[in-house]
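S.K.: no FASTA, just this:
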Ligand code: TYD
Ligand code: MG
């Protein structure tokens, strides 16, 4: 469909020409004072790189139902020192009031506006002069200057450009909620991600309670931070010590469970990998993986079969990462093969042991990054032993209380583990 843009009108209203500048020597530039507004949410501050930068435009993406509106309304309600304008084009005032009641925070400084016209929003914002603006969601906004429907590419692009200009000229930080399509991209043009300063992604499995908040772009900080939340009946709760909640507390060790010391960006996490190996009842054995790449699981099974002589070809193998978390860190390999063998051989693994190593095709145990952080986290969590690659040996910190076992080959690993 052709989209008609009224050029004349849009030109005079939108052209923004900042005061012209002359070139400066890079060494003459005085270190800028990027003003950051600390948010009443440590996980959010962490992923933003230490607070929300004044005048910045942050895209907050996620699949429908994951909790985007809940989290940002919660932030809006907890910012009691600042005037916040929460604009919703998705829900009625009454729905928003019900959600606020559910979250249970009262705030005299939080304004709600149900509006979808960007011109009207700016008009209201000019009158109210909020110190933080939240837009829920970019897909519902429209500008009267373009003749296409809300949610279309040109509407999204134009509204984002207008919000960017608003943020830069007023210094008010703006959060834009954006829906993500099933394939994981923010619905609308990719260009949206290029336009904003920061892109945050809210992820998780809606059937589970945990949510991960990742930075995929940040002009004011690193992109390797991770925030973790738990969805409760009264809003989202920050999880400051994720390793504690992702591991099931057990009295007795059970077979088929091994703990992996993984990292998500820079954040070390202890996660529980669970495997169930059983004789295939009907013909073709089944392989399934939840929270882990199925092709990688097949690769690990082939290595176990070929290099270590374990007969798995006629077995069903089910793999699960506890807590609905998705793991991409190859360091989880070692825990996964341990869980598989523990289930296959019915030998429980001590819950005080954890693992961090990548497995290569020839059965070698390869080194992984950030080994010091993984060891430190394991020690902090009270683990007695951690198994890592021998090629990581140089990076092992001195004076740790945890016993660090280094292994180079799968055979050697099994001898050390099972004796
Ligand atoms: P929502 O914030 O509407 O998701 P999004 O804006 O990303 O589409 O939240 C969706 C789910 O969260 C909804 O199924 C209800 C649930 N929820 C809770 O479990 N606890 C709460 O306190 C609230 C407000 C919502
Ligand atoms: Mg919503």
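M.R.: Happy to help now that I have it. Keep in mind that what you see is a predicted model, and the values were worked out from it rather than measured. Residues are numbered from 1 along each chain as shown. Ligands and ions are numbered 1, 2, ... in the order given.
S.K.: My read is that residue 146 contacts residue 154, right?
M.R.: Yes - with contact defined as CB atoms under 8 Å, residue 146 counts as touching residue 154 (5.5 Å). C-beta coordinates here come from the backbone N, C-alpha and C atoms, glycine included.
S.K.: Need the nearest residue in space to residue 69, chain neighbours excluded.
M.R.: Spatially, and ignoring its direct neighbours in sequence, residue 69 is nearest to residue 136 (5.5 Å; CB to CB, 6 or more residues apart in numbering).
S.K.: mind checking how far that neighbour is from residue 89?
M.R.: Going from residue 136 to residue 89 by CB to CB, to the nearest Å gives 7 Å.
S.K.: between the two, who's got more neighbours?
M.R.: Using other CB atoms under 10 Å as the criterion, residue 136 and residue 89 rank with residue 136 on top: 25 against 20.
S.K.: Now do the contacts for the nearest residue to residue 239 once chain neighbours are set aside.
M.R.: Of all residues not flanking residue 239 in the chain, residue 228 sits nearest, at 4.2 Å (CB to CB, 6+ apart). By CB atoms under 8 Å, 6 or more residues apart in numbering, the contact set of residue 228 is 43, 210, 211, 212, 213, 238, 239, 242.
S.K.: As CSV, the residues you listed with neighbour count would be great.
M.R.: Listed next are the contacts of residue 228 as CSV, based on neighbours: other CB atoms under 10 Å:
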residue, neighbour count
43, 22
210, 19
211, 25
212, 22
213, 25
238, 13
239, 19
242, 24
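S.K.: wait, which of these is closest to ligand 1?
M.R.: Nearest to ligand 1 among those: residue 211, at 9.6 Å, using CB to the nearest ligand atom.
S.K.: How about that closest one: which residues does it bridge to?
M.R.: Legend: beta-bridge partners of residue 211 under DSSP bridges are residue 204, residue 229.
S.K.: Kindly report the same for residue 176.
M.R.: As assigned using DSSP bridges, the partners bridged with residue 176 are residue 59, residue 135.
S.K.: That one against residue 68, yeah?
M.R.: No - the pair residue 176 / residue 68 is not scored as a contact, 10.4 Å apart, by CB under 8 Å.
S.K.: residues in the stretch 151-300 of the chain within reach of ligand 1, list them.
M.R.: Within the stretch 151-300 of the chain, the residues that sit near ligand 1 (CB under 6 Å from any ligand atom) are 231, 233, 234, 235.
S.K.: what's the most distant pair in these?
M.R.: The most widely separated members of these are 231 and 234, with 9.9 Å between them, by CB to CB.
S.K.: Between the two, which has more neighbouring residues?
M.R.: A direct count of neighbours by other CB under 10 Å for residue 231 and residue 234 places residue 231 higher, at 18 against 12.
S.K.: Mind telling me what element the more buried one is part of?
M.R.: Following DSSP states H and E, one finds residue 231 within strand 226-232.
S.K.: what's around the closest residue in space to residue 65 that isn't next to it in sequence, how many residues?
M.R.: Take residue 65 and drop its neighbours on the chain: the residue closest to it by CB to CB, 6+ apart is residue 206, 5.3 Å away. Per other CB under 10 Å, the neighbour tally for residue 206 reads 13.
S.K.: Return the backbone torsion pair for residue 206.
M.R.: The phi/psi pair for residue 206 (degrees, to the nearest 10) reads phi -70, psi -10.
S.K.: now swap in residue 388 and tell me
M.R.: The phi and psi values for residue 388, taken as degrees, to the nearest 10, are phi -140, psi 170.
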